[in-house]
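J.: Whatever this is, show me its structure:
(one chain, ligands or ions: 2)
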Amino acid sequence: MAEMISVAEAQARLFALAAPVAATQVPLQAAAGRWAAEAVAALRTQPDRPLSAMDGYAIRFDDLPGPWRLVGESAAGRPLARVVQPGEAARIFTGAALPDGADSVLIQEEAQRDGDTVMLDGEGPPHARAHVRAAGLDFHAGDTLIAPGARITPTRIALAAVAGHSTLPVRRRLRVAIAATGDELCAPGETLAPGQVPESNGAMLAAMLAPLPVELTDLGILPDRRDSLTAAFAAVDADLLVTTGGASVGDHDLVRPALEAAGAAIDFWRVAVRPGKPMMAGRMRDTVVIGLPGNPVSAHVTALLFVCPMIAHLAGAADPLTATRRATLGHDLPAGGARTDHLRAVHRDGRVHAAARQDSSMLRTLAESDCLIVRPAHAPPAKAGDSVQILDLG
Ligand SMILES: Nc1nc2c(c(=O)[nH]1)N[C@H]1C(S)=C(S)[C@@H](COP(=O)(O)OP(=O)(O)OC[C@H]3O[C@@H](n4cnc5c(N)ncnc54)[C@H](O)[C@@H]3O)O[C@H]1N2
Ligand code: MOO
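T.: Numbering: from 1, shown residues only. Ligands and ions are numbered 1, 2, ... in the order given. The predicted structure is shown next:
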């Protein structure tokens, strides 16, 4: 039987199965949560001219301590069409263009006005260009603002908009098919015959993939019959096929032979991960296939470690792996086993506490957990107060 490979090796081999899909240009709002297919440069300088950062009076710093003669007004979008001469001031508002000739802003809390005369009533601007946003303060035309492979966050969408873009280069949406396998499974809510259980992996996977740039096809529940599995897999037209169940070594675990009969070359099967060991991945013509174990917790953990990162990779992410972070352990843990362990845990009083029972069928413990404690294979025993790696659960 094939040896187990490490999580890191499995992720690397998975990513090597297919390159990111084709690039396309989409409207700003449609780019949310996707990844930049190429570098995005500024089409304009921001601000494109000096602007006031405060409400007050545009003055020449050398004229301090005043007084000044008021000669007009500059409001946002309505600049003053005149040069401010020595001894003159212009009323100005936040975001308005600083008139030519002026170099500083006297904030209105430090000014007194009497008709057309403005007088200093306080400290005044501490230096020339005080309360002025210089042209190019934020960025200059031509600056690279978004690196290739960077996630398109709401703030990057705003940045692209102010940089002059109405569209962004991303990868096309991925066509993802999911299928549950198992004769015991019934659609959620259906009346169960003896021995049947409601199918839960499909709804969970669909929810996990919902924030990602995918077009999802749910093939529903496939029976544990090699011929029907083969026919269903062979008919898939997608970038990625994700199955759950039937991945292990039992007589009814037929996903691997059915995938192979449908033309798939399996690249690896069995990963040193707990839960989730029997997962497999390979390629079936233009479709990457990932076979996840059926146990609901195993399916969740392997989807988190492999499916979501693979979608990010195919969607062009420079850094597709889900980030771990450090947390403080709330109690002792025994030495780890031969597989990298993922313990369902909750934060309490600033520390993480693993659930007492970690059976991979127990969905309730998973749903009540806010993170997974990641323990590398063969980790030595850990003590309360030790630092451990965690994966946040959404
Ligand atoms: N002799 C061995 N037996 C098992 C091994 C092994 O190495 N040797 N590995 C175990 C491990 S680890 C796991 S994980 C499971 C996974 O096996 P399968 O992928 O073949 O999963 P199934 O047998 O199809 O199902 C397991 C369990 O999960 C339930 N299930 C399956 N699909 C769904 C679904 N879509 N929604 C809800 N629940 C589902 C299913 O009813 C079973 O209870 O194998 C071990 N065995
Ligand atoms: O990997 Mo299995 O998921 O340990 O139960």
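
J.: So, low pLDDT: which residues of the chain?
T.: Along the chain, segments meeting pLDDT under 70 span 1-2.

J.: and it, which residues reach ligand 1?
T.: Counting by Cβ under 6 Å from any ligand atom, the positions of the chain adjacent to ligand 1 are 180, 182, 184-185, 197, 199-201, 244-250, 253, 275, 277-278, 293-296, 298, 360-361. Backbone N, C-alpha and C define where each C-beta goes, glycine included.

J.: gap between the closest residue to ligand 1 within the stretch 201-350 of the chain and L209?
T.: With Cβ to the nearest ligand atom as the measure, G294 is the residue of the stretch 201-350 of the chain nearest to ligand 1, at 2.6 Å. Taking Cβ to Cβ, to the nearest Å as the measure, G294 falls 18 Å from L209.

J.: so what are the domain limits for the chain?
T.: Here the domain parsing of the chain from automatic domain parsing is 7-21+172-314, 24-45+140-171, 51-133, 325-392.

J.: May I see those organised as CSV, with mean neighbour count added?
T.: Shown next, in CSV, are the domains of the chain (neighbours: other Cβ atoms under 10 Å):
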stretch, mean neighbour count
domain 7-21+172-314, 19
domain 24-45+140-171, 17
domain 51-133, 18
domain 325-392, 16
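
J.: Let's have these in JSON lines, adding distance to ligand 2.
T.: Output for the domains of the chain, formatted as JSON lines (distance: least, Cβ to the nearest ligand atom, whole Å):
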{"stretch": "domain 7-21+172-314", "distance to ligand 2": "3"}
{"stretch": "domain 24-45+140-171", "distance to ligand 2": "29"}
{"stretch": "domain 51-133", "distance to ligand 2": "56"}
{"stretch": "domain 325-392", "distance to ligand 2": "3"}
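
J.: Going along the chain, name the strands of the stretch 51-200 of the chain.
T.: Along the stretch 51-200 of the chain, counting by DSSP state E, counting those that start in this stretch, strands occupy 51-52, 56-59, 68-74, 88-92, 104-107, 111-114, 117-120, 132-133, 144-146, 167-171, 174-181, 185-186, 197-198.

J.: Check which helices and strands the last one sits against.
T.: In other words, strand 197-198. Where contact means 3 or more Cβ pairs under 8 Å, 6 or more residues apart in numbering; DSSP states H and E, strand 197-198 is packed against strand 185-186.

J.: helices or strands next to the strand it packs on in the packing?
T.: Using 3+ Cβ pairs under 8 Å, 6+ apart: strand 185-186 touches strand 197-198.

J.: what sits up against the strand it packs on?
T.: Applying Cβ atoms under 8 Å, 6 or more residues apart in numbering, the contact partners of strand 197-198 are E184, L185, C186, A187, P188, G189, E190, L192.

J.: Leaving out the residues flanking it, which one is nearest to the third one?
T.: This points to C186. Nearest non-adjacent residue to C186, counting by Cβ to Cβ, 6 or more residues apart in numbering: Q196, 4.8 Å away.

J.: Would you mind measuring from the one you found to A16?
T.: Taken as Cβ to Cβ, the span from Q196 to A16 is 39 Å.

J.: Surely D341 is in a strand?
T.: Yes. The assignment for D341 by DSSP: H, G, I helix; E, B strand; the rest coil puts it in a strand.

J.: ok, and the closest non-adjacent residue to it?
T.: R375 is the one closest to D341 (Cβ to Cβ, 6+ apart), at 4.2 Å.

J.: how about that neighbour, phi and psi?
T.: Dihedral pair for R375: phi -110, psi 120, per degrees, to the nearest 10.

J.: same thing with A264?
T.: Dihedral angles for A264 - degrees, to the nearest 10 - are phi -80, psi 140.

J.: which residues does the closest residue to G66 other than its chain neighbours bridge with?
T.: Here the nearest residue to G66 in space, its sequence neighbours aside, is L120; by Cβ to Cβ, 6+ apart that works out to 4.7 Å. For L120, the beta-bridge partners under DSSP bridges are A111.

J.: I'd assumed E109 was in contact with L120.
T.: No. L120 is beyond contact range of E109, at 11.6 Å (criterion: Cβ atoms under 8 Å).

J.: about what we covered before: thinking the residue nearest to D341 is in contact with L333, fair?
T.: Yes. At 7.1 Å, R375 counts as touching L333 under the criterion of Cβ under 8 Å.

J.: ok, now which ones touch the residue nearest to D341?
T.: Taking Cβ under 8 Å, 6+ apart as the test, what R375 contacts is L333, G336, T340, D341, H342, L343, A382, V388.

J.: just to revisit the earlier point, contacts only, for the residue nearest to C186.
T.: By Cβ under 8 Å, 6+ apart, the neighbours of Q196 are E184, L185, C186.

J.: from the residues you listed, which single one is nearest A150?
T.: L185 (39.6 Å; Cβ to Cβ).

J.: Quick check: nearest residue in space to that closest one, chain neighbours excluded?
T.: Nearest to L185 is E199, by Cβ to Cβ, 6+ apart, at 4.1 Å.

J.: Return the backbone torsion pair for the one you found.
T.: Torsion angles, degrees, to the nearest 10, at E199: phi -80, psi 120.

J.: these two touch, right, it and G189?
T.: No. Look at E199 against G189 with Cβ under 8 Å: they stay out of range, at 10.2 Å.

J.: Mind telling me the two of the contacts of strand 197-198 farthest from one another?
T.: Counting by Cβ to Cβ, the most remote pair of the contacts of strand 197-198 is E184 and G189, 16.0 Å apart.

J.: Can you classify F306 by secondary structure?
T.: helix.

J.: And for S228?
T.: The three-state label given to S228 by three-state DSSP is helix.

J.: Run through the residues that contact the closest residue in space to it that isn't next to it in sequence.
T.: Leaving out its chain neighbours, the residue that sits closest to S228 by Cβ to Cβ, 6+ apart is L222, at 6.5 Å. Counting by Cβ under 8 Å, 6+ apart, L222 makes contact with A179, A180, T181, S228, L229, A232, T243.
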